[in-house]
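Asks: Make a model of this:
(one chain, ligands or ions: 1)
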Amino acid sequence: MTTVAIIGDGPGGLSAALFLAKNGNEAVVYGQDKTAMHAAQVHNYLGIDDISGTDFQAAARAQVTGFGVKLRDEKVETISQQDGRFTVRTEAGVSDADYLVLAGGKATRRLAEELGVELTDAGARVDTENRTNVDRVYAVGRLARANRSQAIISAGAGAVAALDILSREAGKDVHDWDTPPKDDG
Ligand SMILES: Cc1cc2nc3c(=O)[nH]c(=O)nc-3n(C[C@H](O)[C@H](O)[C@H](O)COP(=O)(O)OP(=O)(O)OC[C@H]3O[C@@H](n4cnc5c(N)ncnc54)[C@H](O)[C@@H]3O)c2cc1C
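Replies: Next up is the predicted model:
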């Protein structure tokens, strides 16, 4: 099973985790529910008229947990890379991962820099799949777009990164499409 460590539990990190866990991967999200979403009253997330950021986060966290995402209430202190694996260290201990999704906003710039990720004032440099210059390391949301930040953009970027990981593991492009149940009526 592919293990993906996701650093950051805002819309970007949770969205990446949803797609990964829903498709059979181990998705571990690190974060202490301190996202800026708690300061927001959201009217610009397509499909949702009006929701407090806190209610949005509660729904998102419950949704991803339902798909088997592991939410770890821990702050990541360091990340190292050896023999094609990443080691994520928190106060509680260490865990390994095959891929990293950095989704912790400006607070994860240091971790990104230590991994060798290229950074500019606007954020981590990423391609259209949210890949950084470091193999198997992705940057999404406020970390990649520090000055143009919206919840729906972070969630979209998390989904993009997850689909890229799913596609790389499958060796072909993949979608995550579901259809309504058939009406047997
Ligand atoms: C006052 C205010 C109002 C806003 N209103 C709106 C709005 O109406 N609509 C809208 O779309 N957007 C709004 N936003 C912006 C919105 O909150 C962001 O776009 C969104 O939170 C970005 O999501 P993200 O996943 O990229 O990062 P974040 O939500 O910033 O999540 C990052 C998470 O990672 C955690 N983290 C960081 N470092 C580590 C680490 N080392 N280990 C573990 N966890 C870590 C952080 O604590 C945080 O919980 C508002 C923001 C503010 C401040």
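
Asks: if I read this right, residue 156 contacts residue 16, doesn't it?
Replies: No. Using CB atoms under 8 Å, residue 156 is not in contact with residue 16; the gap is 10.4 Å. C-betas here are computed from N, CA, C, even on glycine.

Asks: who has more neighbours, the two?
Replies: Neighbours were counted for residue 156 and for residue 16 using other CB atoms under 10 Å; residue 16 has more, 35 against 17.

Asks: Can you pull out the residues in contact with stretch 30-41?
Replies: With contacts defined as CB atoms under 8 Å, 6 or more residues apart in numbering, stretch 30-41 is touched by 5-11, 13, 50-54, 56-57, 61, 71-76, 88, 90, 104-105, 142, 149, 151.

Asks: Narrow these to those that are buried.
Replies: 5-11, 13, 51, 53, 56-57, 61, 71-72, 74, 76, 88, 90, 104-105, 142, 149, 151 (16 or more other CB atoms under 10 Å).

Asks: Keep only those of those residues that are also close to the ligand.
Replies: Among the buried ones among the contacts of stretch 30-41, the residues lying close to the ligand (CB under 6 Å from any ligand atom) are 7-11, 13, 76, 104-105, 142, 149, 151.

Asks: what's the farthest-apart pair in those residues?
Replies: 76 and 151 (21.8 Å; CB to CB).

Asks: Pull out the buried residues from the helix ranked longest in the chain.
Replies: The longest helix of the chain (DSSP state H) is helix 151-170. For helix 151-170, a neighbour-count test (16+ other CB under 10 Å) marks 151, 153-166, 168-169 as buried.

Asks: can you pull up the bridge partners for the nearest residue to residue 80 once chain neighbours are set aside?
Replies: Spatially, and ignoring its direct neighbours in sequence, residue 80 is nearest to residue 87 (4.9 Å; CB to CB, 6 or more residues apart in numbering). Beta-bridge partners for residue 87, by DSSP bridges, are residue 80, residue 96.
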